[in-house]
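> I need the structure of the sequence given here:
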Amino acid sequence: MTSFSRARRRLLGWGAAGLVAATAPGAWARRVFPEAETTEFLAYRNGEIIGLRRMEIVRDGDDLIVHNQEELTLGPESAPRYRYVQRCEEVWRGGWLHGLVSDTREDERTWRVRAERDEGIFKGLSNGRQFSVSGYAITNTFWHRDAHSQQALLDVTDGWVKLIQGQLIGEERITVGHERRDSKHYLIAGQINRHLWYDLDCRLVRLRAPLRDGSEVLYEVPGGI
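Got it, this is the predicted structure:
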């Protein structure tokens, strides 16, 4: 069993509290925490497909679990000039982020994050460094409807809290798979920079992010969701 799998089993072994979201999200709980679904995005750079991002939301008893897997490659597979791989899992319980297991590799750099909520404080290790987050934490995987309205997000790659500012760019009708769909386009800027599109059901349906070389990656849904 891999260390990722062992950490996942530990997180799922916590006592159940029920995903009611009464404290933080309040009356919006049903929209904040969607039903089980899977969304796949193709990643484009200058019109060329360079990777895939898969986001899966599942229910495990009273837990909501969010799986994110992403792989990007620039250049040939045999000798890539850039390679990014991330696999992470969030466990949400009682409306709160309760656990995080994340492994990331970007070229030769690697990060390993393991964290859990204990006595109201979310804390863990990132490459052996201790960190803690008090209050309500939302991650930069952006599945959460309120990610764009926060002043800070928890970066699942390194465990750091990053300061951001979000703004609504406008409403747009975009292509999502084989459909035309109404969406809201947001920009977040600061220590994390992204363009985000959410449909009217508050689901992330498009994403644009910068790469280290200054170019951008556009994530789009290739089929219906």
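> so what pLDDT did the residue lying closest to S215 once chain neighbours are set aside get?
The shortest distance from S215 to any non-neighbouring residue, by C-beta to C-beta, 6 or more residues apart in numbering, is to R45 (5.8 Å). To be clear about C-beta, it is placed using only N, CA and C from the backbone, and glycine gets the same treatment. R45 is assigned a predicted lDDT (pLDDT) of 95.
> give me the neighbour count for R45.
17 (other C-beta atoms under 10 Å).
> check L211 too.
Neighbours around L211, by other C-beta under 10 Å: 14.
> relative to V91, how far out is the residue nearest in space to the middle of the chain?
Centroid check for the chain by C-alpha atoms, centre = their mean gives T141 as the closest residue, at 1.3 Å. Distance, T141 to V91, by C-beta to C-beta, to the nearest Å: 13 Å.
> just G124 next, same as before
12 Å.
> spit out the residues that contact these two alike.
L100 (C-beta atoms under 8 Å, 6 or more residues apart in numbering).
> now C202. Nearest residue, chain neighbours left out?
Nearest to C202 is R145, by C-beta to C-beta, 6+ apart, at 4.0 Å.
> would you say the one you found is within a helix?
No - counting by DSSP: H, G, I helix; E, B strand; the rest coil, R145 falls outside a helix, being coil.
> distance check, it against T39.
14 Å.
> where do the contact lists of these two overlap?
Contacts common to R145 and T39, judged by C-beta under 8 Å, 6+ apart, are absent.
> quick one: end-to-end distance for stretch 117-137.
11 Å (C-alpha to C-alpha, to the nearest Å).
> other residues contacting it?
Residues contacting stretch 117-137 (C-beta under 8 Å, 6+ apart): 24, 96-100, 110-116, 154, 158-161.
> just these: which are in strands?
96-100, 110-116, 154, 161 (DSSP state E).
> bridging residues for the residue nearest to S215?
Beta-bridge partners for R45, by DSSP bridges, are E48.
> in contact with it, which residues?
Contacts of R45 by C-beta under 8 Å, 6+ apart are 74, 211, 215-218.
> ok, it to A152 distance?
In this view, R45 and A152 are 28 Å apart by C-beta to C-beta.
> low-confidence ranges, the protein, go.
Within the chain, the stretches with pLDDT under 70 are 1-32, 223-225.
> swap the cut-off to 90 and go again
Applying pLDDT under 90 to the chain flags residues 1-36, 60-62, 75-81, 94, 119-120, 134-135, 212-214, 223-225.
> now the helices for it?
Ranges of helices within the chain are 3-12, 29-32, based on DSSP state H.
> first vs last residue of stretch 186-206, how far apart are they?
One end of stretch 186-206 sits 11 Å from the other (C-alpha to C-alpha).
> okay, buried residues for that stretch please.
For stretch 186-206, burial by neighbour count (16 or more other C-beta atoms under 10 Å) applies to 186-188, 192, 194-199, 203-206.
> could you do stretch 123-135 as well?
Residues 124, 126, 131, 133 are the ones in stretch 123-135 that count as buried (16+ other C-beta under 10 Å).
> and of those, the nearest to E106?
S126 (14.4 Å; C-beta to C-beta).
> okay, the closest residue in space to the closest one that isn't next to it in sequence and W96: tell me how far apart.
Using C-beta to C-beta, 6+ apart and skipping the chain neighbours, the partner closest in space to S126 is G159 (3.3 Å). Applying C-beta to C-beta, the value for G159 to W96 is 17 Å.
> all set now, cheers.
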